[in-house]
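Asker: What would the 3D arrangement of this be:
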Amino acid sequence: MKVIDKIALVLIIIGAVNWGLIGIFKFDLVAALFGEMSAISRIVYSLVGISGLWGIKLLFDD
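Answerer: Below you'll find the model as predicted:
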């Protein structure tokens, strides 16, 4: 597994945990850490989204 794949996987996990917290406890961890829709939180959300798209590639790698 390449380094970029590992980084993408970590960001996918962070996104999944964040969505789990939102769904179960109505708590947005990214917003709590970096501010609601601050520049940093928008970057984190964008990176998680891009990583999710990158994760599609991981499904088909052998």
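Asker: Quick one: the helices in this structure, in order.
Answerer: Along the chain, the segments classed as helices by DSSP state H run 3-25, 29-34, 39-60.
Asker: Now do the residue nearest to Asp5 when sequence neighbours are not counted: how many residues are near it, please.
Answerer: Closest residue to Asp5 apart from its sequence neighbours, by C-beta to C-beta, 6 or more residues apart in numbering: Leu58 at 6.1 Å. The way it works is simple: take the backbone N, C-alpha and C, and place the C-beta from them, glycine included. Other residues near Leu58 number 13, with proximity taken as other C-beta atoms under 10 Å.
Asker: Please apply the same query to Val10.
Answerer: Val10: 12 surrounding residues under other C-beta under 10 Å.
Asker: mind checking the backbone torsions on Met37?
Answerer: phi 60, psi 30 (degrees, to the nearest 10).
Asker: which of the helices of the chain is buried the deepest?
Answerer: Mean neighbours per residue, mean count of other C-beta atoms under 10 Å, is largest over the helices of the chain for helix 29-34, with a mean of 16.
Asker: Tell me the helices and strands packed up against that one.
Answerer: On a contact count with 3 or more C-beta pairs under 8 Å, 6 or more residues apart in numbering; DSSP states H and E, helix 29-34 meets helix 3-25, helix 39-60.
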